[in-house]
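Trainee: Fold the following.
(one chain, ligands or ions: 1)
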Amino acid sequence: MRFYPEKSLLPGACTGCGTCSRVCPSRAVVTGPDKRVTGFLKTCIGCGHCGAFCPVNAFGLENTVQPGASPEKLMDLFRSRRSCRLFMPGPLTEGKLKQLLEPVGFAPTGTNSQGVTVVAVQGVETIQDLVVKPVRRFLRPFAWLAKRSALRDYIGDFMRGDDPITRRAPCLLLFFVPRKNATPREDGVIAAAMVSLNAEAMGLGCLWNGVVKVLYPFLTGLRKLKPGGTALQAVLCVGERTLAPLREVPERDFETVLTSH
Ligand SMILES: Cc1cc2nc3c(=O)[nH]c(=O)nc-3n(C[C@H](O)[C@H](O)[C@H](O)COP(=O)(O)O)c2cc1C
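Mentor: The predicted model follows:
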């Protein structure tokens, strides 16, 4: 639910300390001669920083901040996270799906635009019908060409029923973001990243699916699920794992460039 500071501000509670003005990203806080808050400008983006940092809780927010995960625990999650390509066939229960998607309600978006919609396609066969079978149908006339290619075994297995695209995952998550958002691409990818890490923490298997993202414009059935005014930004396959990884991620190449004067 969106936060509107003008609706939350408790009359008489503000002490005029000025904290909210200092943390406000859009200089939206209006104060009177005694420095107490009197209102908010239209530049307010509803981020809730005024309420989160107010020392006297003048905005009447209920939940106090709990200690977050320790860096060690968070690193354990990063080290143990692995893509899943072997899923159990059963769809996620409603409760698990709700828990899995909960982080989206806390995900940051550029200028706090919000509005991410996650479409959850449940059921192996539904996903086969919407994603895998149309690709197979499309490739069928060209199958003879594939026989000459280096990928012939791969394509041959696919045509005979293998699913290297969604890996027969029981749930497909499509992250749609309003086109009018300030940073739609990042908004969708951040929400999906938070969900993918939550999946790991919940012991579920998760696979980022770049192939479905690329194929999406050609998948008529899937395109019908798009909410108006949005664009697809990320795709995840999720489900219970049939096998859990036994060893950590081998460290990947990266560089840190430090500059100081
Ligand atoms: C944006 C993105 C798209 C991906 N798309 C696919 C995909 O379509 N199919 C697949 O099997 N793996 C896909 N992957 C998984 C990567 O291959 C995988 O993350 C990488 O090999 C590292 O393995 P790990 O995730 O187990 O650490 C994707 C990963 C990312 C981040």
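Trainee: Quick check: residues of this structure near the ligand?
Mentor: Within the chain, the positions lying close to the ligand (Cβ under 6 Å from any ligand atom) are 82-83, 85, 207-211, 249. In short, each C-beta sits where N, CA and C put it, glycine included.
Trainee: What's the ChimeraX syntax to select whichever of those residues are buried?
Mentor: Buried residues among those (16 or more other Cβ atoms under 10 Å), as a ChimeraX selection:
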select :82,85,207,208,209
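Trainee: can you pull out the helices in the stretch 151-261 of the chain?
Mentor: 152-159, 184-201, 210-215, 220-223 (DSSP state H, counting those that start in this stretch).
Trainee: pLDDT (mean, whole number) over the second one?
Mentor: So that's helix 184-201. For helix 184-201, mean pLDDT is 98.
Trainee: got a list of contacts for that helix?
Mentor: 77, 80-81, 99-104, 106-110, 113, 116, 118, 173, 175-178, 181, 205-206, 208, 231-236, 238 (Cβ atoms under 8 Å, 6 or more residues apart in numbering).
Trainee: got the residues of the chain next to the ligand as JSON lines, with pLDDT and distance to G48 columns?
Mentor: Converted to JSON lines, the residues of the chain next to the ligand look like this (pLDDT from 0 to 100; distance: Cβ to Cβ, whole Å):
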{"residue": "R82", "pLDDT": "97", "distance to G48": "35"}
{"residue": "S83", "pLDDT": "98", "distance to G48": "34"}
{"residue": "R85", "pLDDT": "98", "distance to G48": "39"}
{"residue": "L207", "pLDDT": "98", "distance to G48": "33"}
{"residue": "W208", "pLDDT": "98", "distance to G48": "30"}
{"residue": "N209", "pLDDT": "98", "distance to G48": "33"}
{"residue": "G210", "pLDDT": "98", "distance to G48": "34"}
{"residue": "V211", "pLDDT": "98", "distance to G48": "37"}
{"residue": "V249", "pLDDT": "96", "distance to G48": "35"}
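Trainee: Mind picking the two most distant members of the residues of the chain next to the ligand?
Mentor: Greatest spacing in the residues of the chain next to the ligand, by Cβ to Cβ: V211 and V249 (21.4 Å).
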